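> following is a predicted model, sequence given first.
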Amino acid sequence: MRVAVISGGRSSEHDISLLSGAAVAEGLEAAGHDVIRILIEKSGTWICDGHPVSIRAGEGLAVGEDLLSIDVAFPVLHGPFGEDGVTQGALDTAGIPYAGSDVLASAVCMDKLTLKRLCGFHGIPQVGFVQAFTPGWEEEALGLEFPLWVKPSRLGSSVGITKVTDPGELAAAVEEAAKFDPRVIIEANSAGREIECSVLGNENPDASLPGEILTDDEWYDYEAKYTEGRTRIEAPADLDESTTARVRELAARVFTMAGCSGLARCDFFVEENPSGSGAPETGAAAPTGEARILLNEINTIPGFTTTSVYAKLWEATGIPYPDLCDRLVELALERAKTESKHSF
């Protein structure tokens, strides 16, 4: 296949996207594909071999007057203007099949507030949360379990997040998050282990063995994520057989519920639960003595270097990196073929 790997983007995660894109391009080439590299500059301009790329509705992508020969696109864009459905909409307009979720699923999963409300509707266990700037939000937030986590609703890589340990810090934390996004979410704390699970597929997705994030820092912030040696991934995680199975089952369920396709990484908190109590937000109870599993979030375009969590979990499950990239191209074409049967 001739695959266009798209990386960069307008978000604060531009540099991380470049690393992911370079790794994906190498993985696809190792799997036998012909790769075209497309850079989205921080200004939003699309570039291929130093020349601007234009989008032609229903025809594809072009450099000057010449259409690029592309079988499938592989967007490796993290954060706003890339992971949130914007680029997916551009590729739909161009008529190019692409790896990963469609416009709706990308947008839903990017916005933590929307995703959590959808999860609440479906009874997915999760921590309590409040949307800032809504009527009575401060009183509601102070009723959550401290410390609180204040986040921009539509950003990734832990950008703009503040840990609030004192009620007097809440207003400043909300204002800090609002610098990045007018939609701000305040979440209750979970003392659980940070467990992540990779998902691969379309209608009947597979879930990897779970992994655990272990960091020497106070919490898994931007520096801990992207500074070498600050964080390690235990893959697979040291979980009992029952908890492992339940994490994998819930990851696949959440993936399907959100309408995802291709790939996603589901992040959970796994808490000790000796009393069999319910989840804070939904009341869904785990059996007495079994761990309580709470959804944190879904990433539809997670970090994608060979050492990123998504790929390492599949490697631990038995899928090498080039095979993983190759499978995602297949899934993109499968979804495009299915959708071509419908007249929108």
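Arrived safely. Numbers count the residues shown, from 1 in each chain.
> poorly predicted segments of the stretch 51-200 of the chain, please.
157 (pLDDT under 70).
> which parts of it are helices?
Remark: helices assigned in the stretch 51-200 of the chain by DSSP state H, counting those that start in this stretch are 86-94, 103-110, 112-121, 137-142, 170-178.
> what bridges to the most centrally placed residue in the chain?
For the chain, the residue nearest the mean C-alpha position is residue 299 (0.9 Å; CA atoms, centre = their mean). For residue 299, the beta-bridge partners under DSSP bridges are residue 265.
> same thing with residue 186?
Where residue 186 sits in a bridge, its partners, by DSSP bridges, are residue 130, residue 150.
> that older thread, who's in contact with the residue nearest to the centre of the chain?
Residue 299 sits next to 83, 109, 156, 264-265, 267 when contact means CB atoms under 8 Å, 6 or more residues apart in numbering. For the C-beta atoms, the positions are set from N, CA and C on the backbone; glycine is no exception.
> any idea where the helices of the stretch 201-344 of the chain begin and end?
Remark: helices assigned in the stretch 201-344 of the chain by DSSP H, counting those that start in this stretch are 222-226, 241-257, 309-317, 321-339.
> out of the ones you listed, nearest to residue 292?
Shortest distance between residue 292 and these, using CB to CB, is found for helix 241-257: 9.8 Å.
> for the closest one, packing partners?
Using 3 or more CB pairs under 8 Å, 6 or more residues apart in numbering; DSSP states H and E, the elements in contact with helix 241-257 are helix 112-121, strand 193-201, strand 206-207, strand 262-271, strand 292-299.
> compare those and give me the one nearest residue 179.
helix 112-121 (16.6 Å).
> buried ones in the closest one?
112-116, 118-119 (16 or more other CB atoms under 10 Å).
> just stretch 325-340 next, same as before
For stretch 325-340, by 16+ other CB under 10 Å, it's 325-329, 331-335.
> Serialize those to CSV and add fields for distance to residue 68 and pLDDT.
Below are those laid out as CSV (distance: CB to CB, whole Å; pLDDT from 0 to 100):
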residue, distance to residue 68, pLDDT
325, 20, 98
326, 21, 98
327, 24, 98
328, 20, 98
329, 16, 98
331, 22, 98
332, 16, 98
333, 17, 98
334, 22, 98
335, 21, 98
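> rewinding a little: please identify the deepest-packed of the helices of the stretch 201-344 of the chain.
helix 309-317 (a mean of 23; mean count of other CB atoms under 10 Å).
> quick one, it and strand 292-299 angle?
Inter-element angle recorded for helix 309-317 and strand 292-299: 120 degrees (by axes from the mean of the first three to the mean of the last three CA atoms, to 10 degrees).
> now for helix 309-317, which elements pack on it?
Partner elements for helix 309-317 (3+ CB pairs under 8 Å, 6+ apart): strand 193-201, strand 211-215, strand 231-234, strand 262-271, helix 321-339.
> parallel or antiparallel, list what pairs with the third one.
Applying DSSP bridges to the sheet, strand 231-234 is found paired with strand 211-215 (antiparallel).
> could I get the strand it pairs with in CSV with only the CA atoms?
Taking C-alpha atoms only, strand 211-215 is exported to CSV below (Å, rounded to 0.1, in the frame of the first residue of the first chain):
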residue,chain,number,x,y,z
GLY,A,211,0.2,-2.6,31.6
GLU,A,212,1.0,-0.5,34.7
ILE,A,213,2.4,3.0,34.7
LEU,A,214,5.1,3.3,37.4
THR,A,215,6.7,6.7,38.1
